[in-house]
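Chemist: Here's a sequence, model it:
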Amino acid sequence: MRPLLLTPEVEAACKALVDLAASRPTRWEDVVRLTEARANGQVLNPMNDDLTMTIPHGYRVTYTHEYQREDLVCRHISISAEGAKPKTGPNPQAVVEIMRMFGFINGLGQAPAFVNTHPDGSLLIEIIEPLDGDVSKLMASDDA
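Modeler: The predicted structure follows:
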């Protein structure tokens, strides 16, 4: 099992990443464009290098705030394990701790999550939740 090293420096870096993401959420129009591209088999990866960090020992995290509707901003985290073998990904216990460090209110299994596969076959875990933690808002229609 890959160890997760959480130091005061790592915690400060996580907080700085959260602050940066909050200062510039991904616009609804951009989320729609990226979703449509993915549905058409295109891989569009917005340049989120400045919203990405590596947590020792080899957990790669991208954290953004993004509109899931015009009126709903969510936190979105992508977590992978550098050098993971095909069909393997980050340790679930590490994912839970990383989510906590980035301010997630809901735990793993409570917030919507999905798995993507990197070109090398390793797994990428993605989790999303509204900033207030009320995941029922993700199910609400725009007309509600």
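
Chemist: Does Val95 touch Ile125 like I think?
Modeler: Yes - Val95 lies in contact with Ile125 (C-beta atoms under 8 Å); the separation is 5.7 Å. Quick note: C-beta positions are derived from backbone N, CA and C, even for glycine.

Chemist: Mutual contacts of the two, please.
Modeler: Common contact partners of Val95 and Ile125 (C-beta atoms under 8 Å, 6 or more residues apart in numbering): Ile79.

Chemist: so who does Met101 touch?
Modeler: Leu6, Val10, Glu11, Cys14.

Chemist: Quick check: the gap between it and Gln68.
Modeler: Distance of Met101 to Gln68, computed by C-beta to C-beta, to the nearest Å: 22 Å.

Chemist: and if you look at Leu131?
Modeler: Leu131 is 11 Å from Gln68, by C-beta to C-beta.

Chemist: Comparing these two, which shows the higher neighbour count?
Modeler: The residue with more neighbours, out of Leu131 and Gln68, is Gln68; 19 against 15, by other C-beta atoms under 10 Å.

Chemist: lowest-pLDDT helix or strand in this protein?
Modeler: helix 28-39 (a mean of 76; mean pLDDT, DSSP states H and E).

Chemist: what's the spacing between it and its chain's center?
Modeler: Distance of helix 28-39 from the chain centroid (C-alpha atoms, centre = their mean, to the nearest Å) equals 16 Å.

Chemist: Quick check: mean pLDDT of the helix or strand that it is followed by?
Modeler: Proceeding N to C from helix 28-39, the next assigned helix or strand is strand 52-55, under DSSP states H and E. Taken as a whole, strand 52-55 has an average pLDDT of 93.

Chemist: I'd like the next helix or strand past strand 52-55.
Modeler: strand 59-69.

Chemist: in that next one, what's buried?
Modeler: For strand 59-69, burial by neighbour count (16 or more other C-beta atoms under 10 Å) applies to Tyr59, Arg60, Val61, Thr62, Tyr63, Thr64, His65, Glu66, Tyr67, Gln68.

Chemist: just stretch 5-24 next, same as before
Modeler: Neighbour-count burial for stretch 5-24 [16+ other C-beta under 10 Å]: Leu6, Val10, Ala13, Cys14, Leu17, Val18, Ala21.
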